[in-house]
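# have a look; sequence and predicted model below, questions after that.
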Amino acid sequence: METLLNMEAPNFTLLNEKEEKVTLSDYRGKKVILYFYPKDMTPGCTTEACDFRDQHEAFSDLNAVIFGISADDAKKHTKFIEKYGLPFSLLVDEDHEVCEKYGVWVLKKMYGKEFMGIERSTFLINEEGIVEKEWRKVKVKNHIEEVLTYLREGEKK
């Protein structure tokens, strides 16, 4: 997938865990952290979600809203949010249409099997709706600190 950097972020409307519609363009004027992750309740995805949870206030202080996106349904998202006290919405992309727009629906290999799935990725969309930064093939360890550091550096400019 070629980069989306410096391009207008592909707009979308998805349901959140409460089955309310969330439209990306409604968040113009704020920074949006969109993070795509493979599956609720799995070890890496739980760590990533909890890292975002633990730094939620720091992101809010930087005028940033966080949304997680996976192919899980609203019920699974609700359980995940309740179990780990996540203070942000998780969006439902069951048909992986948005994942495809962002180029994170890819062929993956695990235990010798090939399958299509979500490549862990994070996008920073600026106040004008432009993709300012993208992190692809994310490793969970220290990822949230990288995103926060990037945002803080931007605030200093």
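Structure's in. What do you need?
# leaving out sequence neighbours, find the closest residue to the most centrally placed residue in the chain.
By Cα atoms, centre = their mean, the chain has its centre lying nearest to residue 35, at 1.3 Å. Once flanking residues are discounted, residue 35 sits nearest to residue 122: 4.4 Å by Cβ to Cβ, 6 or more residues apart in numbering. (Glycine included, C-beta is placed from N, CA and C.)
# packing partners for the one helix or strand the one you found maps to?
Taking DSSP states H and E as the criterion, residue 122 maps to strand 121-125. With contacts defined as 3 or more Cβ pairs under 8 Å, 6 or more residues apart in numbering; DSSP states H and E, the packing partners of strand 121-125 are strand 31-36, strand 131-135, helix 143-156.
# deepest of the ones you listed, which one?
Scoring these by mean neighbour count under mean count of other Cβ atoms under 10 Å gives strand 31-36 as the most buried, with a mean of 23.
# what's in contact with that strand?
The contact list for strand 31-36 (Cβ atoms under 8 Å, 6 or more residues apart in numbering) reads 9, 24, 48, 52, 59, 62-70, 99, 102, 104, 118-127, 132, 138, 147, 151.
# how does it look with 6 Å?
By Cβ atoms under 6 Å, 6 or more residues apart in numbering, the surrounding residues in contact with strand 31-36 are 63-69, 104, 118, 121-123, 125.
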